[in-house]
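> Need a 3D model of the sequence below.
(one chain, ligands or ions: 1)
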Amino acid sequence: MQSHTKASRKKLGPKILVCATCKRTQIKSYRSQTQCLICSPPRIEAWPEIEDPQLGVWVWFSLPLSGAWSKNRMHARTEEGGVIVRKEARDILDAIAWSAKLSLGQIKLERRKVWLEIIVQKTSPTADAVNVVDVVCDGVKRGIGVDDRYFSLLRLDWQLVERDPRIYIAIGQE
Ligand SMILES: [Zn+2]
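As a prediction, the model looks like this:
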C-alpha cells in the first residue's frame, strides 16, 4: 500500500516551479505559474459572492469535551509502525455519530451541502479550538450518512468556562 502510494505520486511527477523573482523552488499551484506564492502579489479586489444559507433543518447537541478531541491526539502508532485510531478517539467518534443520528430523528439529510456550527468551551485560553474540527466532521459523517466533502462550516467559535467544558455541535441543511 505504502509503495503503491509512492509510485502513483512519482507517476504524477512533481510540478516544480523555479520562481522568476526569487529563484525559490516550489510545487506549482497551477500550470502557468511563474512566481512562488510568496512573490505572487495577493489579490484583494473581490471576495467570492456566496449567500447565507436558508436552513430548513437545524438540530444540535452537546457533549462533554476533553483533550482527546484534538486531531493531534486521535491516532496512535502500532509497534509495527502502522497508524490506528486511539480507543478514546473511537469512543468520541461513536458518541458524535450516535448523537447526530439521535438529534436528527426521522429527518434524513440529502447528499448536498451540510452546514455545521461548532462552539467549543474551554477552560484555558491556550487550548486550541480549531483542532476539534476533524474529529467533529468525522463523527458527524458517520452519524448522518452524508460524506464530509459536503460539509461547510457556518461557524467555529469558542468561549471560556470555569469547569466542565462542553462542545456544541449543530447540523443544518437548506
Ligand atoms: Zn519567489
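
> got the contact list for residue 21?
35-36, 39 (CB atoms under 8 Å, 6 or more residues apart in numbering). Bear in mind the C-beta positions are built from the backbone N, C-alpha and C, glycine included.

> beta partners of residue 171?
Legend: beta-bridge partners of residue 171 under DSSP bridges are residue 59, residue 116.

> circling back to that earlier point, narrow the contacts of residue 21 to those in strands?
Nothing among these maps onto strands, per DSSP state E.

> Now distance to residue 16 too, for these, in JSON lines please.
Compiled in JSON lines, the contacts of residue 21 are given as follows (distance: CB to CB, whole Å):
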{"residue": "35", "distance to residue 16": "14"}
{"residue": "36", "distance to residue 16": "11"}
{"residue": "39", "distance to residue 16": "16"}
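
> ok, of the residues you listed, which come out buried?
Buried members of these, scored by 16 or more other CB atoms under 10 Å, are residue 36.

> Now the residue nearest the centre of the chain. Nearest residue, chain neighbours left out?
The residue lying closest to the centre of the chain (CA atoms, centre = their mean) is residue 134, at 3.9 Å. Sequence neighbours aside, residue 71 is the residue nearest to residue 134 in space, at 4.1 Å (criterion: CB to CB, 6 or more residues apart in numbering).

> Brilliant, that's me finished.
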